[in-house]
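A.B. asks: sequence isn't available, so here's the structure alone:
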């Protein structure tokens, strides 16, 4: 029964239908608002090394300095990226630190140690954001020192 549906014509029609749907969803405007608001109040980092680690692993989502890659203009990826960045900025934004109340060094430490941040799907496309164990420890120590500075 299944064999009769797997004819060459059926497969070609399926591919054409999928391609047509892909083209059709490109006209939906959502997910292409790639604005980077101004940096209002970035943290005063304890060291350039901490800043470099945070920038490498966190800034694309948790700052107003997002680097929007080419695929951020292609649906449905554009929808997911826009949603992720919007959500991340609302949870913690290094570019609007005075607005990011309630974020502690302990919370950041927990997320980094438990490999919750950066998220796995981000790391698949951005391997440079993968931190070694030593870099994670340096980042955590730097965040603690940054947040306790007067």
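C.D. replies: Received, thanks. Remember, it's a predicted structure, so these values are computed and weren't measured experimentally.
A.B. asks: for residue 110, give me phi and psi.
C.D. replies: phi -60, psi -50 (degrees, to the nearest 10).
A.B. asks: leaving out chain neighbours, which residue sits closest to it?
C.D. replies: residue 116 (7.7 Å; CB to CB, 6 or more residues apart in numbering). Where you see a C-beta, it was placed from the backbone N, CA and C, and this is true even at glycine.
A.B. asks: how many neighbours does that neighbour have?
C.D. replies: Using other CB atoms under 10 Å, residue 116 is surrounded by 10 other residues.
A.B. asks: go on, residue 21?
C.D. replies: 9.
A.B. asks: can you tell me how far it sits from residue 83?
C.D. replies: Distance of residue 21 to residue 83, computed by CB to CB, to the nearest Å: 20 Å.
A.B. asks: try residue 58
C.D. replies: Note on residue 58: its distance to residue 83, by CB to CB, is 18 Å.
A.B. asks: which of those two has more neighbours?
C.D. replies: Per other CB under 10 Å, whichever of residue 58 and residue 83 has more neighbours is residue 58, with 23 against 12.
A.B. asks: no further questions, thank you.
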